[in-house]
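> what shape does this take:
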Amino acid sequence: MVFIDESGLSERPHRCRTWAPRGQTPVLQYHFNWKMLSAMAGVTWWNFYFRLFPGTIRSPQVIEFLSHLLRHIPGRLLIVWDGLTGHRSRLTWEFIRQQRGRLWVEFLPGYAPDLNPVEYLWSHWKQHELPNFCPQNFGQLSHHARKALRRMRKRPSLVIAFWRQAELFPL
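Numbers count the residues shown, from 1 in each chain. Predicted coordinates for the structure are as follows:
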């Protein structure tokens, strides 16, 4: 079983509360660029897999991510995801049919992000791994985002915490 979701970052920092010496307000200096970095992740019981894409996620990126999962996870996969247009597209469904039963797809109910453990992955990523990060360019944003996700993947206790927060199964 793999829960899948998407998220995005821009070159503008995700601001979080921080500390500073008394009387010295922290200042975040950043460029007003709007380039987007999209991320797609799939959470299994003990691990998660991810891909980063420039721009928005559409059907070709969804197919690339599913191919990535099929290369790394043996056997049949139950994919659980939301109703993103790229998930429901003809191109994506054609790819799923070509897998001859290796992929089974179920959709989460509408307006229920709290049931998806990947949502908690994104929350941790933005609140604890990349808060107040001001990249100088798009390459730096991509590098730090990938590095943070790899660092998180080395902590299996985080993945267990994402499952616990989703409250889908008693753990």
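
> ok, and the closest non-adjacent residue to Met1?
Leaving out its chain neighbours, the residue that sits closest to Met1 by C-beta to C-beta, 6 or more residues apart in numbering is Leu78, at 4.6 Å. The way it works is simple: take the backbone N, C-alpha and C, and place the C-beta from them, glycine included.

> please name the bridge partners of that neighbour.
Taking DSSP bridges as the rule, Leu78 bridges to Trp104.

> how much space between it and Ser123?
24 Å (C-beta to C-beta, to the nearest Å).

> cool, and Gln165?
9 Å.

> and the residue of the chain most remote from its centre, its phi and psi?
Distance from the centre of the chain peaks at Gly23, with 37.0 Å (C-alpha atoms, centre = their mean). When quoted as degrees, to the nearest 10, the phi and psi of Gly23 stand at phi 90, psi 0.

> ok, now Trp45?
phi -60, psi -40.

> isn't it up against Leu168?
No - the pair Trp45 / Leu168 is not scored as a contact, 11.3 Å apart, by C-beta atoms under 8 Å.

> re the thing from before, contacts only, for the residue farthest from the centre of the chain.
Applying C-beta atoms under 8 Å, 6 or more residues apart in numbering to Gly23 gives no contacts.

> and it, how far is that from Glu106?
For Gly23, the distance to Glu106 - C-beta to C-beta - is 54 Å.
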